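1. Build me a model:
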Amino acid sequence: MKHGKKYRDAVDKVDRESFYEAGEAVKLVKDIAFANFDETVELSVKLKLKKSQTVRDTLVLPYQFTEEKKILVFAKGEKADEAREAGAAYVGDTDLVEKIKDGWLDFDVAVATPDMMKDVGRLGPILGRRGLMPNPKTQTVTFDIKEAINELKKGRVEYRSDKTGVVHLAVGRVSMEPEQIAENMQVILSEVEKKRPSDTKGTFVQSVAVSSTMGPGVKVQYQEAR
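-> Take a look at the predicted model:
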C-alpha cells in the first residue's frame, strides 16, 4: 500500500524503535494527526492466546467520545414497558424480528430478554456478521433491561480479540485531552489483563500500540501488573 506525503511525514516523527510512556504516546499521536476531521484514537493490544482462546467482555470508559447509540430491545409485556421507560429507541418482539428479516437495521446495539432468544436466534445470519447479535457474554441478553440500557447509554463498549489475538478498541478522539485518552487506555489494559487464561505462561500482554485513524502506530511502554 502506497501512503501519501502527510502520512510519510508523520512516520518520520515517530521513533519506530522506541516505546513511549502512555501519556507521551498519546501526545505524539495527537501531534502527528493530519486528517481534516476529528480522528479516532485507536488502541491495539497483542495478547498471548492459543488458537482456541478468545478474550471478550464489555466495559464503560471514564471519558466518553461517541454519540448516544440507538438501542433496540427485544422484549414482551412488563419488560417491554421497562425498556421504553429506560429510553430504548425501539422496543418489540416478533414484529421487530420480522422487520429485521426484511432488511431494516437502523439501530446500533440490540438487547434481548432470555425468553426472546428463541425468536431472535433466527436472526443470527443477519445480526451475527454485523456484531449486533445479543449475547450473555456482553450483558445484552438479560432480564435486567433497565440496567443494561443505562450502561449502554453511559457508553458501555464491547471488546474482543481477533483471530490473531489482537484487541482493537477506540479510546478517544484527537480533540480530547491526552490525559483523558491515556486514562481510557489504562482502564482497557487493566480489564484485558484480568482475562488472562489460567494456563498462559509468561507475558500475556505482548505489545501495545496507539494510533489515530489515518496515522501510523506508536509503540506504548507497558508492563503487566502481576
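2. So which other helices or strands are in contact with the longest helix along the chain?
-> As assigned by DSSP state H, the longest helix anywhere in the chain is helix 178-193. Applying 3 or more Cβ pairs under 8 Å, 6 or more residues apart in numbering; DSSP states H and E, we find helix 178-193 packed against helix 22-32, strand 40-47, strand 56-60, strand 156-160, strand 166-173, strand 205-212. All C-beta spots, glycine's among them, are computed from the backbone N, C-alpha and C.
3. Any idea which of the ones you listed gets closest to Ala110?
-> Set against Ala110 and scored by Cβ to Cβ, those come closest in strand 156-160, at 12.0 Å.
4. and the closest one, how far from the chain's centre?
-> 4 Å (Cα atoms, centre = their mean, to the nearest Å).
5. Give the buried residues for it.
-> 156-159 (16 or more other Cβ atoms under 10 Å).
6. what residues are up against the residue nearest to Leu132 when sequence neighbours are not counted?
-> Nearest non-adjacent residue to Leu132, counting by Cβ to Cβ, 6 or more residues apart in numbering: Ala110, 5.2 Å away. Taking Cβ atoms under 8 Å, 6 or more residues apart in numbering as the criterion, Ala110 is in contact with 71-74, 120, 127, 132-134, 140.
7. domains for this structure, by residue range?
-> 15-65+157-219, 71-154 (automatic domain parsing).
8. Dump those to CSV, plus distance to Gly4 and mean pLDDT.
-> Output for these, formatted as CSV (distance: least, Cβ to Cβ, whole Å; pLDDT from 0 to 100):
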stretch, distance to Gly4, mean pLDDT
domain 15-65+157-219, 9, 92
domain 71-154, 30, 94
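9. Turn the ones you listed into TSV, columns for distance to Lys5.
-> Formatted as TSV, the domains of the chain follow (distance: least, Cβ to Cβ, whole Å):
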stretch	distance to Lys5
domain 15-65+157-219	10
domain 71-154	35
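10. now for the helix or strand hosting Lys219, which elements pack on it?
-> Lys219 is part of strand 218-219 when elements are defined by DSSP states H and E. Applying 3+ Cβ pairs under 8 Å, 6+ apart, one finds that strand 218-219 contacts helix 22-32, strand 205-212.
11. hey, what's Arg173 bridged with?
-> On the basis of DSSP bridges, Arg173 takes part in beta bridges with Thr40.
12. begin at 56 from here
-> With 56 as the first residue, the last one maps to Arg228.
13. Can you tell me how far it is from Gln235?
-> From Arg228 across to Gln235, the span is 10 Å (Cβ to Cβ, to the nearest Å).
14. ok, now which ones touch the spatially closest residue to Arg211 that is not a sequence neighbour?
-> For Arg211, ignoring the flanking residues on the chain, the nearest one in space by Cβ to Cβ, 6+ apart is Val115 at 4.8 Å. Neighbouring residues of Val115 by Cβ under 8 Å, 6+ apart: 206, 209-212.
15. quick one: which of the residues you listed is nearest to Leu83?
-> Out of the contacts of Val115, the member with the shortest distance to Leu83 (by Cβ to Cβ) is Val212, at 24.2 Å.
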